[in-house]
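1. Need the 3D shape of this:
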Amino acid sequence: MKNIFYIYKNDLKSIITNWVTAVIIGGLIVLPSLYAWFNIKASWDPYSNTQGILIAVSNQDEGTNIRGQVVNIGNEIVSSLKKNKNLGWTFVNEEEALKGVKEGDYYASLTIPADFSKKIGTVLTDELSKPTIHYYVNEKTNAIAPKITTKGATGVVEEVSANFVKTANEMIFKIFNELGIELERELPSIRAIEEWIFKVEEHFPGFATAVNSALEDAQKAEEIVGIAQKNLPIVAEIAQTGQQLTERINQFLDKSEAHAKTIGPNIKQELSLIEEMAASSTQVIDLLEQSDLEPNVTVKSIDQTIAKLETSISIIDALLQLFNKINELAGSTVLEPEMNKLSQAKTNTSAQIQLLATIKTAIQNGEKPASDLIHTVKTRMDETTGIIKDIRNLYEAEGQSILENSFGHAQKTSAEVQQLLNEATSTIPTIEKMLDDAVKGLAIGKTEIAEIQKRLPELQAKVVEFANKIRDFKAREDIDEIINILKNDYEKESDFFANPVLLKENKLYPIPNYGSAMSPFFTTLSLWVGALLLISLIHVNIAKGERYKSYEIYVGRFFTFLTIALLQSFIVTMGDIFLLKAYVVNKGFFVLFGLLISTVFMLIVYTFVSVFGNVGKALAIILLVLQLAGSGGTFPIQVTPPFFQAINPFLPFTYAISLLRETVGGMLPNVVIKDLFMLGIYAICTLLFGLGLKKPVNRLTANIAKKAKEGDLIH
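-> Below is the predicted model of the structure:
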């Protein structure tokens, strides 16, 4: 140990007494800080300054005429973009836009073609044609800008699509409403048809008896026939009016059936969102089950979980209302099992909220929450998750067909009404002819009455058949219920189907700017770069090294490198916090963990060079390159190629960056412990490697190093 500290003490003395060495060492201490600070500041908040990214917009839309109204969607898009300050929208003609993109004056361009509004108007015709917005992008100018411009372009398309869907839905449900009102207005006429048919059926036996006894009571038969003839034109007019109304309902339902396909995915999305929110209690349960429970962190997590569960209840209520409407439209209880399960899920979720509120109160009062309450919360969460999963699986298997069958059922019901009215219309001329024949028969006398008697059973059978169809329809359907469904508030229904789910964002670890979020990566990178600078300019071996043992040189000179590295880390981390004003929740731990990371990095790089010489420098640089892509410091590791995903768990950067991220956003003990453990493993393995292999490897590579120096290029 004496020689180790002598080497360290002698190195410090050399630095202090030689001003040139002191200046160089001072530069080495500061340089890594500049590397980190410039990069962090340059990426401080790039996504709030995208108004400088120019996108050319060329509107060629000539507009169109839809039902007598002049419409120009292109002008509406341009007006909307002029209010949008997220990107640098520039409005030029098509030729200038394309030329500017090619030459790099604009990053991208949008061209709205001349037939844009015209194609949107085809939705009201039988020949649909989707409109197109032409998007041109110059990917040579910058790697990131095309992604930003593409997001802006898709945002324009999404906004146009959303407005179109909302308007179309509003028009559809408005027509529903108008048809419901008109059907309600014509309801007395429909009731009158029913009443007349049943009355004819009821009096038909008397009519037949009158015909049979016409020879004895001809006057009575003439009166009955006269009453029937008098009312027949009224019935014909009512039937024709009802027939026209049902034809309009059928046409509307045919157009509306396609919209059933757009509702299904929204329901599946809502069920998945409820399932995700139901499982949100897992994090709280994990915190509550910890022996060293942190009240502030736990209470904050409970509040966030309760907010998610309340949102889940709102979505469940909306789904219950929607499923009830579908049941009404289907005229059955086809979704009753799903509604019962949703109600059960709502009850469980409400119970979770109450239990979490009780646990929160206990924690705020300084008490440890009872284990049975925690177990009950977990049980409720598991039950709710299972219920929602069952509903989602059942809906994925049968849900869309149920929804489409509901619209199909409404079409079938309307078609049956139309068929009944068609039959009534076609039967009335027959009845009218028969009644005329009866009048003639009564006038002719006994000879013709026999012929009329032969046709009476046929006429009676038609009347009874039509009356039975009306009874069967009334037994299965309620026309008042159909009217109530059609008369719903069309504006609320349109808004619901256009935006069925509201997203409530809850930031668990909010970081105010991109630069602060990137500070763990650039700080970690600068510490490794600092270590590389040190081993590039400072010798790892000492003059007259034969006086010392191999491990004494290894440890003694490492203390010198470590001292400089710790100073580098201290300046970098303190500058991040106080010079750049980077957002850091746990400032003390940020500095402390920076010192620890710098120690591990310096040990790894120093050991490489101390054991392998110049080859070790190359190994340190190769490891740096691999860690830049494989640590997940910039892009999520999941989006990188499989090779980098495979090496990610074995890289020191992975755990160093994660450790600093915890201090920036808010620390979770289990994550911090894991990262510290892994960095400790790296340090121990590297130290054992250096102490065990420095002497034999140095002996083996001595001749190679000597030969390299003879070339007068490599020191």
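
2. Surely Pro669 and Asp292 touch.
-> Yes - using CB atoms under 8 Å, Pro669 makes contact with Asp292 at a distance of 7.3 Å. Every residue, glycine included, has its C-beta placed from N, CA and C.

3. Neighbour count for the two, which is higher?
-> Between Pro669 and Asp292, Pro669 has the larger neighbour count (other CB atoms under 10 Å), namely 13 against 5.

4. wait, what's in contact with that one?
-> Neighbouring residues of Pro669 by CB atoms under 8 Å, 6 or more residues apart in numbering: 290, 292.

5. And it, how close does it get to Thr150?
-> To Thr150, Pro669 is 41 Å away according to CB to CB, to the nearest Å.

6. ok, now Leu309?
-> Look at Leu309 and Thr150: by CB to CB, they are 36 Å apart.

7. what about these two, which has more around it?
-> Leu309 (24 against 13).

8. Quick check, that one in contact with Asn348.
-> No - if you go by CB under 8 Å, Leu309 and Asn348 don't touch, sitting 9.7 Å apart.

9. wait, is Leu293 part of a helix?
-> No - counting by DSSP: H, G, I helix; E, B strand; the rest coil, one finds Leu293 to be coil, located in no helix.

10. So His375: helix, strand or coil?
-> Three-state assignment for His375 (three-state DSSP): helix.

11. what's the burial count for it?
-> His375: 12 neighbours (other CB under 10 Å).

12. ok, the nearest residue in space to Ile66 that is not next to it in sequence - contacts?
-> Once flanking residues are discounted, Ile66 sits nearest to Gly121: 4.8 Å by CB to CB, 6 or more residues apart in numbering. Neighbouring residues of Gly121 by CB under 8 Å, 6+ apart: 64, 66, 71.

13. how much space between the second one and Gly74?
-> If I follow you right, that is Ile66. Noted for Ile66: a distance of 14 Å to Gly74, by CB to CB.

14. which one of these two has more residues nearby?
-> A direct count of neighbours by other CB under 10 Å for Ile66 and Gly74 places Gly74 higher, at 23 against 15.

15. Next one: the more buried one from Ala345, what distance?
-> Using CB to CB, we find Gly74 at a distance of 46 Å from Ala345.

16. Equivalent analysis for Thr634, please.
-> Distance from Thr634 to Ala345, by CB to CB: 40 Å.

17. Repeat that for Asp303.
-> Using CB to CB, Asp303 is found at 22 Å from Ala345.

18. quick one: which of those two has more around it?
-> Shown here are Asp303 and Ala345; by other CB under 10 Å, Ala345 has more neighbours (27 against 15).

19. Please, where are all the strands along this structure?
-> Secondary structure of the chain (DSSP state E): strands at 54-59, 64-66, 69-71, 88-91, 108-112, 134-137.

20. Met339 is nearest to which of the ones you listed?
-> Closest to Met339 of those, according to CB to CB: strand 64-66, at 40.0 Å.

21. Any buried residues in stretch 58-67, and which?
-> Neighbour counts over stretch 58-67 (16 or more other CB atoms under 10 Å) mark 58-59, 61, 63-64 as buried.

22. What mean pLDDT does that stretch get?
-> Mean pLDDT, stretch 58-67: 84.

23. before we move on, what about stretch 382-393?
-> Rounded to a whole number, the mean pLDDT of stretch 382-393 is 78.

24. Contacts for stretch 534-551 next, please.
-> 3, 7, 24, 28, 553, 556-557, 560-561, 564-565, 602, 605-606, 608-610, 616-617, 620, 691, 694-695, 698.

25. just stretch 289-297 next, same as before
-> With CB under 8 Å, 6+ apart, stretch 289-297 has contacts from 287, 363-364, 366, 368, 374, 666, 669.

26. For ChimeraX, what selects the buried ones among the residues you listed?
-> Of the contacts of stretch 289-297, the buried ones go into a single ChimeraX selection, burial set by 16+ other CB under 10 Å:
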select :287,363,374
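
27. and which of the contacts of stretch 289-297 is nearest to Glu103?
-> Checking those against Glu103 with CB to CB, the nearest one is Gly666 at 47.2 Å.

28. who touches Tyr106 in this structure?
-> Shown in contact with Tyr106 (CB under 8 Å, 6+ apart): 54-56, 90, 97, 100, 138.

29. Of these, just say which sits nearest to Thr686.
-> Asn138 (47.3 Å).

30. Now the closest one. Nearest residue, chain neighbours left out?
-> Excluding its sequence neighbours, the residue lying closest to Asn138 (CB to CB, 6+ apart) is Val101, at 5.0 Å.

31. what about that neighbour, distance to Ala108?
-> Distance of Val101 to Ala108, computed by CB to CB: 6 Å.

32. Name the residues contacting each of the two.
-> Residues touching both Val101 and Ala108 (CB under 8 Å, 6+ apart): 56, 136-138.

33. looking at this structure, which helix or strand does the model trust least?
-> Least confident helix or strand of the chain, by mean pLDDT, DSSP states H and E, is helix 490-498 with a mean of 55.
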